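Peer 1: Return a 3D structure for these sequence lines:
(3 chains)
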Amino acid sequence: MGAPAPARRALVGATALALALLVALPWVAGRYTVYLTIQVLVLAIFALGFNLLFGYAGLLSFGQAGFFAVGAYACAKILLAVPNLLLGLAGGVAAAGAVALVLGVLSVRHTRIYFSMLTLAFGMMIYSIAWKWRDVTGGDDGLVGIPRAPLALPGLGSLALPTVERYYYVVLAAAVLAVALAHRLVHAPLGLALQAIRDSESRAEFAGLPVRRYRLAAFVVAGLYAGLAGALLPPLESTVTPPIAHWSTSAEPVLATLLGGIHAFAGPLVGALLFYVIKDVIVRFTEHWLIWYGAIVIVLVLGFRGGVVGLLARALGRPPEAPRA
Amino acid sequence: MLETIAFQGLIGLALAMYLWLISAGLTIIFGVLRIVNFAHGSLFMLGAYLAFTLYGQVGLPFGVAILLSLLGVGALGLVMERGFLRHLYGVDEAYQLLLTFGFILVLDDAVKLIWGGVFRIPPMPAFLDGAWPVFGRPFPVYNAFVLGVGVLTAGALWLLFERTWWGRIVRATAADREMAGALGVRVPRVFTGVFAFGAMLAALGGALGTPVRVVAPGIGAEMIIQAFVITVLGGLGNLRGAFVASLIVGVLSAYGTLFFPVFELFFIFVIMAVVLLVRPQGLFAR
Amino acid sequence: MSELLRTEGLAKRFGELRAVDGVDLAVPAGRLTAIIGPNGAGKSTLINLVTGALVPDTGRVRFKGEDVTRLPAHRRVQRGLSRSFQIMNIFPRLTVLENVLLPVLARRGRAGRPLAPVAGERAALREAAALLEAVGLADRAGQPAGALAHGDQRLLELGIAVAAAPELCFLDEPSSGLTPAERAVVLDLIRRLARERRTTFVVVEHDMDVVFALAEWIVVMNRGRVLAEGPPAAIRDDRTVREVYLGEEL
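Peer 2: Next up is the predicted model:
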């Protein structure tokens, strides 16, 4: 169930190093890099939730941008009324989770193909609501003037976040928390149960696992993660507009996870970094980066289904994925 | 008032034909290959763009433009299946979905790259111009034409699958591909043919819209969503159900535009949600 | 002996085909039963109906006196009614240990815990390890299940079925595809598990050697109905049964 001891030590070491680098980043890098890293961390949270649903539970959702947008808009609305960052973030997460619960009940009871279709449809439904419900969402102008509200911890006073660097630490803390919780989940019985459901839904049912209920749980968790990722955006950009609900935004965690590796815990995290590195390069040459993304998806799906982490594992001599029975 | 409702219903029926054409292709592909082609909306969109270019810009006759656009998208469908999708048949179906999703990304952006942004609508072909007075209002002749094409296609598909040799082979492959293969059917060829055929149906839907609908990069996504809703209502793989569901969605959309202008899409989704809860296998499944 | 299972007029049709056409069956606790019959007799459909994979058109299923006809499969498992599959159905990407650990966790109501690590579930882990010992797979506990040889996967399949500590366990062709040596292992295992764990097995089988080696009671099905049932000796001599099998050596 766990990696052998030397590999585990190396993993812990690498994680500690990465963490140290991330904490030290604002001191060694310029503002643009910090800003970019925030984007990477947000996508990492987004993709982590997506992969809990896909890599671990076996459910492919093309509509995660819907929950991302709910989180963003909810946080924005809260911050515009009450400038309290924690409240905004919590509200965004809760709203996304609530919507995920409702849509999940409708979606997880079906076959996996149907599920994927429904998630695409529901995601775009949220997009069209964001576009058309001017009174609440501001329509295609979106919501503007969202304050980067201070972080007020009850009993500990309030911390203003005037600079991107300060906000970076909020995002980093959220990311660390998200990764830690996800790590616990995949190593807990529920994580194992989800993987079993992914491997064989019928066998899981006859092993006594309530398949639908656990799938719903996974869907809601993915929605919560998407909501957190979305909620971290408004205080940074100070505006929220409908494109964040579009399916092309849903494609981002898909691509990040494919790039990094579906069957590895760190896959979405590595993939988030790769996503922005590649995007940064592509955008210098053309504004049509989606074509390249699509091409990368196609190449990965046809030839490199283990992603970068899969390639690395094979290069390091780890045994390949067990074949399907 | 009654006349407005009846008239709008007719408009909805014409609208339904576009939905029917794309849903028919999606349904047929799923029925035989067991793949949901997420990129089907993009094929619809390409049909529209090709027909627009050939008719509106190059100046070819309307019918020729439609035919060429069908052939072009059919060829693309052939390449998609043979060159790409085929490699994933033994693998987890999720990867097939991901591949078609990758196609959406490529095709939708490629269209922006090749053709740029939004276009004007080309002039109506002369013999389809004008309007007939129906329920006291001018009903565009072109809408009747679209209705005719849609119904004819439904009839032709029925004939094709029930009465022709090719249709029988396709149905056999859909029902049991191993058995069909054992009986001598070249299953891979059937797959390619069906995929290209389905692509052509989508292209027909797109091409038909050329003189009346705006050709823009977002129409692919719009259509695939509605095709999915129709699939939920009609049942996945159920061609008859797809036809009836297209009529329902088309007519309801038309009424939605009339009575709830801002939320017509939301209204359709509510209906889809209700069907999902109450009769998840579709309204018309056996 | 208490009655574990009773079906009343169970029926299921697929289009024109009456796969199960009015089956009344009773299984008392402790009596190892075999269900035999030619292909298409309805044996697998019967298992599916009893265990909850299918909902019957008419009829009832009573388990330990409770009407479970419409109860979802996972709830029947929680009540003590489980099954194995004819076509190998294990969790290929999980380890052998994890495969049997899950039903144990599910039975203990701990499968849904989201935060505490699996490694901390000591009681469940011990039980799963003991089960692997019992089926003879303990030395492969850490291997991915998909990498096991066919015969070992059958043993694992059996292990998953009994890991939920069922009182009644349906085995769907447990010896299919096995070599004679592997078959002997499986038979021995079933006998042992029946004794040690007080599980009542109902075995659907084609292989007559297996049937006569194991069964204390045989139910013969044909065309969706129960043709005959009784102790092995009686079934062997029954003329209608011999006709159905057309001269096959019983």
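Peer 1: ok, which stretches of the stretch 151-300 of chain A are helices?
Peer 2: Listed in chain order, the helices of the stretch 151-300 of chain A (DSSP state H, counting those that start in this stretch) span A:164-186, A:189-199, A:201-205, A:211-231, A:234-237, A:247-260, A:267-285, A:289-303.
Peer 1: contact partners of the helix or strand that comes right after the last one?
Peer 2: To tie it back to what came earlier, the one meant is helix A:289-303. The first helix or strand that comes after helix A:289-303 along the chain, using DSSP states H and E, is helix A:307-315. For helix A:307-315, the surrounding residues in contact (Cβ atoms under 8 Å, 6 or more residues apart in numbering or on different chains) are A:257-264, A:266-267, A:270-271, A:274, A:300, A:304, A:306, A:320-321. Bear in mind the C-beta positions are built from the backbone N, C-alpha and C, glycine included.
Peer 1: For ChimeraX, what selects the buried ones among those?
Peer 2: The ChimeraX selection below is limited to those of the contacts of helix A:307-315 classed as buried (16 or more other Cβ atoms under 10 Å in any protein chain shown):
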select /A:257,258,259,260,261,262,263,264,266,267,270,271,274,300,306,321
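Peer 1: quick one on the thing from earlier: mean pLDDT for the helices of the stretch 151-300 of chain A - can I get that in JSON lines?
Peer 2: Formatted as JSON lines, those follow (pLDDT from 0 to 100):
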{"stretch": "helix A:164-186", "mean pLDDT": "94"}
{"stretch": "helix A:189-199", "mean pLDDT": "95"}
{"stretch": "helix A:201-205", "mean pLDDT": "93"}
{"stretch": "helix A:211-231", "mean pLDDT": "96"}
{"stretch": "helix A:234-237", "mean pLDDT": "91"}
{"stretch": "helix A:247-260", "mean pLDDT": "93"}
{"stretch": "helix A:267-285", "mean pLDDT": "93"}
{"stretch": "helix A:289-303", "mean pLDDT": "92"}
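Peer 1: Export these as a markdown table, with columns for distance to chain B.
Peer 2: What follows is these, written out as a markdown table (distance: least, Cβ to the nearest Cβ, whole Å):
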| stretch | distance to chain B |
| --- | --- |
| helix A:164-186 | 19 |
| helix A:189-199 | 10 |
| helix A:201-205 | 13 |
| helix A:211-231 | 12 |
| helix A:234-237 | 23 |
| helix A:247-260 | 6 |
| helix A:267-285 | 11 |
| helix A:289-303 | 3 |
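Peer 1: tell me the strands in chain C, going along the chain?
Peer 2: Along chain C, the segments classed as strands by DSSP state E run C:3-14, C:17-28, C:33-36, C:58-63, C:66-67, C:81-83, C:168-172, C:200-204, C:217-222, C:225-230.
Peer 1: highest average neighbour count across those?
Peer 2: The highest mean neighbour count among those, using mean count of other Cβ atoms under 10 Å in any protein chain shown, belongs to strand C:81-83: a mean of 27.
Peer 1: For chain C, what's its nearest residue on the stretch 101-250 of chain B.
Peer 2: For the stretch 101-250 of chain B, the residue closest to chain C is B:Ala175, as judged by Cβ to the nearest Cβ, at 12.6 Å.
Peer 1: how far away is that residue from B:Gly31?
Peer 2: 9 Å (Cβ to Cβ, to the nearest Å).
Peer 1: Correct me if wrong, but A:Leu41 is in a helix.
Peer 2: Yes - assigned with DSSP: H, G, I helix; E, B strand; the rest coil, A:Leu41 falls within a helix.
Peer 1: Would you mind listing the buried residues in the longest helix along chain C?
Peer 2: Ranked by residue count, the top helix of chain C under DSSP state H comes out as helix C:180-196. The neighbour-count check on helix C:180-196 (16+ other Cβ under 10 Å) flags C:Glu182, C:Arg183, C:Val185, C:Val186, C:Leu187, C:Leu189, C:Ile190, C:Leu193, C:Ala194 as buried.
Peer 1: which ones are touching the last one?
Peer 2: When contacts are counted by Cβ under 8 Å, 6+ apart, C:Ala194 touches C:Leu32, C:Thr200, C:Phe201.
Peer 1: how close does it sit to chain B?
Peer 2: C:Ala194 is 38 Å from chain B, where distance means Cβ to the nearest Cβ, to the nearest Å.
Peer 1: Same question for the second one.
Peer 2: Separation of C:Arg183 from chain B (Cβ to the nearest Cβ) stands at 28 Å.
Peer 1: How many residues are close by the residue lying closest to that residue once chain neighbours are set aside?
Peer 2: Closest residue to C:Arg183 in three dimensions, ignoring its sequence neighbours and counting by Cβ to Cβ, 6 or more residues apart in numbering or on different chains: C:Ser175, at 4.6 Å. Here the number of neighbours of C:Ser175 (other Cβ atoms under 10 Å in any protein chain shown) works out to 25.
Peer 1: Quick check: C:Ser175 touching C:Val186?
Peer 2: Yes - taking contacts as Cβ atoms under 8 Å, C:Ser175 lies within contact range of C:Val186: 5.5 Å.
Peer 1: Between the two, which contacts overlap?
Peer 2: C:Arg154.
Peer 1: Tell me which residue of the stretch 151-300 of chain A lies closest to chain C.
Peer 2: Taking Cβ to the nearest Cβ, the stretch 151-300 of chain A has A:Gly208 as its residue nearest chain C, at 3.4 Å.
Peer 1: ok, that residue - contacts?
Peer 2: Residues near A:Gly208 by Cβ under 8 Å, 6+ apart: C:His74, C:Val77, C:Gln78, C:Ser82, C:Pro103, C:Ala106, C:Arg107, C:Ala111, C:Ala164.
Peer 1: quick one, what contacts the first one?
Peer 2: If a contact means Cβ under 8 Å, 6+ apart, then C:His74 has A:Glu205, A:Phe206, A:Ala207, A:Gly208, A:Leu209, A:Pro210, A:Val211, C:Gly52, C:Ala106 as its contacts.
Peer 1: Need these in CSV (columns: distance to A:Leu86).
Peer 2: CSV is the format used below for these (distance: Cβ to Cβ, whole Å):
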residue, distance to A:Leu86
A:Glu205, 41
A:Phe206, 44
A:Ala207, 41
A:Gly208, 40
A:Leu209, 36
A:Pro210, 34
A:Val211, 36
C:Gly52, 46
C:Ala106, 37
